[in-house]
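>>> Using only what follows, build the 3D model:
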Amino acid sequence: MSEKSDDMRSMWRSVLSYIKLQVENLRLLSTEKSAILMSTCVVAAVLGILAAFAFFFISIGLVFLLATVLPVFWCFMIMGGIYVLLGVVVYLLRTPLVTDPIARWLSRLFLDNPDAIHHSESTTPKSK
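Take a look at the predicted model:
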């Protein structure tokens, strides 16, 4: 009887140890994935701001270029029309351009097995 109780205690300790390890693994994975998510959001925000400045200055340059052949008012109207057209195209293609890539990236980040991710990265051939 004592041998069975020792076996049960040992098994119970192993189960508790396993649960503690799984909780620690969950904490580490959630911290890592949160850090990746937040850093990607910050980089995307910075790049978005820089792209907005670039588009602004390119627009002004194109307006001045068009102003050599058209009145300035119509140049600004043309650039505004281009941006409205670009906005409509992005709105119509929002699912394949924005939603699907973000959903794929988040599902890979949060749902894929970390061992499979590291394994696939190590087995893919590196370009020279």
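>>> in stretch 19-26, what counts as buried?
Along stretch 19-26, not one residue counts as buried under the neighbour rule (16 or more other CB atoms under 10 Å). Every residue, glycine included, has its C-beta placed from N, CA and C.
>>> okay, it in CSV with CA atoms only?
Output of stretch 19-26 as CSV, limited to C-alpha atoms (Å, rounded to 0.1, in the frame of the first residue of the first chain):
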residue,chain,number,x,y,z
ILE,A,19,1.4,22.1,-15.3
LYS,A,20,3.9,24.6,-13.8
LEU,A,21,6.1,24.2,-16.9
GLN,A,22,3.2,24.6,-19.2
VAL,A,23,2.1,27.8,-17.4
GLU,A,24,5.6,29.2,-17.6
ASN,A,25,5.8,28.3,-21.3
LEU,A,26,2.5,30.1,-21.9
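>>> centre of the chain versus stretch 54-62, how much separation?
Averaging C-alpha positions (CA atoms, centre = their mean, to the nearest Å) puts stretch 54-62 27 Å from its chain's average.
>>> Tell me which residues are up against that stretch.
Stretch 54-62 has contacts (CB atoms under 8 Å, 6 or more residues apart in numbering) with 75, 79, 83.
>>> next structured bit after the lengthiest helix in the chain?
In the chain, taking DSSP state H as the definition, the longest helix is helix 2-66. Downstream of helix 2-66, the next assigned helix or strand under DSSP states H and E is helix 72-92.
>>> What's the first helix or strand after that next one?
That would be, after helix 72-92 and using DSSP H and E, helix 94.
>>> chain center to that next one, what's the gap?
Offset of helix 94 from its chain centre (CA atoms, centre = their mean): 16 Å.
>>> Give the rounded mean pLDDT of that helix.
Averaging pLDDT along helix 94 yields 91.
>>> Give me the helices and strands touching the very next helix or strand once past it, please.
Using DSSP H and E, the helix or strand that follows helix 94 in sequence is helix 100-111. If contacts are counted by 3 or more CB pairs under 8 Å, 6 or more residues apart in numbering; DSSP states H and E, helix 100-111 sits against helix 2-66.
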